[in-house]
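Undergrad: Show me the folded form of this:
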Amino acid sequence: MRRLLFLNGIKAFEAAARTGSFAAAGGELNVSPAAVSRMVHLLEERLGVALFERKANRLAPTPAGRAYQSGLTPIFDALASLTAQVTTPASLRVLTIGVGPTFAMRWLIPRLADFRKEEPDIDVRITTGGAAAPFADDWSCGIKLGDGAWPGFAAEPLFAADLLPVCTPRLASPLKRPGDLRGSSLLRVAHSPDDWPRWLKAAGVARVGARGPEFQFYGQAQQAAVDGLGIAMGIRPYIDDDLAAGRLVTPFELSVPKGMRWYLVYRGFQTGQRDFAAFRRWIMQAAAAPSVRASRTPGSRL
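TA: Reported below is the predicted structural model:
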């Protein structure tokens, strides 16, 4: 016999612990904050364990509360997913992927036709989900750049995020050594200000600063490089297709790890769902395929 104590209270506690307040939990559950507080209090009485420390303007889970919530949230996620499967028409197969705009445009979308050939009945939906975006409830999976540590989620590595300068063949031709970058227009990405300093340090180049137009996303800087505006710090795998097509070349051979990797991120229970399993199998194979060998200008060094 399952010993399930006061399911309404358990649901109220999980929502409050996850959102950080009784008010936010009440909005999610469509009840008043006072009702959430009352249900949590009754749950604590029945369990004989304090789940929250009630402080001024702050709701802090106790160690027991944190442990309880970390186990409950995946259970509720799995229950919601199971309910969606049961209530969704058998003919409708939807896979929602949270991914940043540049990764989607530069790598995923150009390869989705291959996945569609293998799984034509799966309706693939791409939604915004960059590195800083929270994992949405309706995502089947996400593709994120990071260190692989997303508590509560499984993360499988896809690519190493390696950095190397890229530009048009015309701009690359006079560049024989990294020191020749002095005075060049070095295109920057606002959220990754350490990319150029990291590469220049590895190349042993001093007194060269990244001075050039700044862009919000890697994809914008890469397109600017294609258009001849300057030299961008490319990141794998964004640059692979442009290198293969000859739109960009690498003036130097040196490739420097960014210190992070790309990961396929998902909730553990998703592995049992056939549509996600098919996508996971496909993207792992696609990621393992050899990347294009970078085109370099004759005489380039390092």
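Undergrad: Kindly provide the distance from the closest residue to residue 283 other than its chain neighbours to residue 68.
TA: Closest residue to residue 283 apart from its sequence neighbours, by C-beta to C-beta, 6 or more residues apart in numbering: residue 264 at 6.2 Å. Heads up, the C-betas are built off the backbone N, CA and C, glycines and all. Distance of residue 264 to residue 68, given as C-beta to C-beta, to the nearest Å: 29 Å.
Undergrad: Would you check that residue 236 makes contact with residue 158?
TA: No - Residue 236 is not in contact with residue 158 according to C-beta atoms under 8 Å; the separation is 10.5 Å.
Undergrad: which neighbours do those two share?
TA: Common neighbours of residue 236 and residue 158, using C-beta atoms under 8 Å, 6 or more residues apart in numbering, do not exist here.
Undergrad: Output the below-cut-off pLDDT ranges for the chain.
TA: Scanning the chain for pLDDT under 70 picks out 1-5, 56, 78, 81-82, 84-92, 129-133, 210, 290-302.
Undergrad: For it, which segments count as strands?
TA: Applying DSSP state E to the chain gives strands spanning 52-55, 58-61, 93-99, 122-128, 141-146, 154-166, 186-189, 214-215, 231-235, 256-266.
Undergrad: what angle sits between the fifth one and strand 256-266?
TA: So the one you mean is strand 141-146. Calculated by axes from the mean of the first three to the mean of the last three C-alpha atoms, to 10 degrees, strand 141-146 forms an angle of 150 degrees with strand 256-266.
Undergrad: circling back to that earlier point, could the strands of the chain be laid out in a markdown table, adding distance to residue 38 and mean neighbour count?
TA: Formatted as a markdown table, these follow (distance: least, C-beta to C-beta, whole Å; neighbours: other C-beta atoms under 10 Å):
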| stretch | distance to residue 38 | mean neighbour count |
| --- | --- | --- |
| strand 52-55 | 13 | 13 |
| strand 58-61 | 14 | 16 |
| strand 93-99 | 35 | 20 |
| strand 122-128 | 36 | 15 |
| strand 141-146 | 36 | 22 |
| strand 154-166 | 36 | 19 |
| strand 186-189 | 49 | 23 |
| strand 214-215 | 51 | 16 |
| strand 231-235 | 51 | 28 |
| strand 256-266 | 36 | 18 |
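Undergrad: The longest helix seen in the chain: how far from the chain's middle?
TA: Taking DSSP state H as the criterion, the chain has its longest helix at helix 63-87. How far helix 63-87 lies from its chain's middle: 22 Å, per C-alpha atoms, centre = their mean, to the nearest Å.
Undergrad: between it and strand 93-99, how many degrees?
TA: Relative orientation of helix 63-87 and strand 93-99, computed by the same axes, to 10 degrees: 140 degrees.
Undergrad: Flag every buried residue along helix 63-87.
TA: Judged by neighbour count (16 or more other C-beta atoms under 10 Å), helix 63-87 contains these buried residues: 65, 68, 69, 72, 73, 77, 81.
Undergrad: With residue 13 as the reference, measure out to the first one.
TA: Computed as C-beta to C-beta, the residue 65 to residue 13 distance reads 8 Å.
Undergrad: Are there residues contacting both of the two? Which ones?
TA: Joint contacts of residue 65 and residue 13 (C-beta under 8 Å, 6+ apart) are residue 51.
Undergrad: How about residues contacting stretch 103-116?
TA: The contact list for stretch 103-116 (C-beta under 8 Å, 6+ apart) reads 97, 99, 122, 124, 126, 143, 145, 218-219, 222, 237-241, 262, 279, 282-283, 286.
Undergrad: can you map out the helices along this protein?
TA: Residue ranges of the helices in the chain, as given by DSSP H, are 7-19, 22-29, 33-47, 63-87, 101-103, 109-118, 169-172, 195-202, 218-226, 240-245, 274-288.
Undergrad: Among the ones you listed, single out whichever gets nearest to residue 150.
TA: With C-beta to C-beta as the criterion, residue 150 lies closest to helix 63-87 of the helices of the chain, at 12.7 Å.
Undergrad: and that closest one, what does it pack onto?
TA: Contacts defined by 3 or more C-beta pairs under 8 Å, 6 or more residues apart in numbering; DSSP states H and E place helix 63-87 against helix 7-19.
Undergrad: could you give the angle of the helix it packs on to helix 33-47?
TA: Using the same axes, to 10 degrees: helix 7-19 against helix 33-47 is 110 degrees.
Undergrad: who touches helix 7-19?
TA: Residues outside helix 7-19 that contact it (C-beta under 8 Å, 6+ apart): 4, 22, 24-25, 28-29, 31, 35-36, 39-40, 42-43, 46, 51-52, 59, 61, 65-66, 68-69, 72-73, 76.
Undergrad: Could you give me the buried positions within it?
TA: 9, 10, 11, 12, 13, 14, 15, 16, 17, 18, 19.
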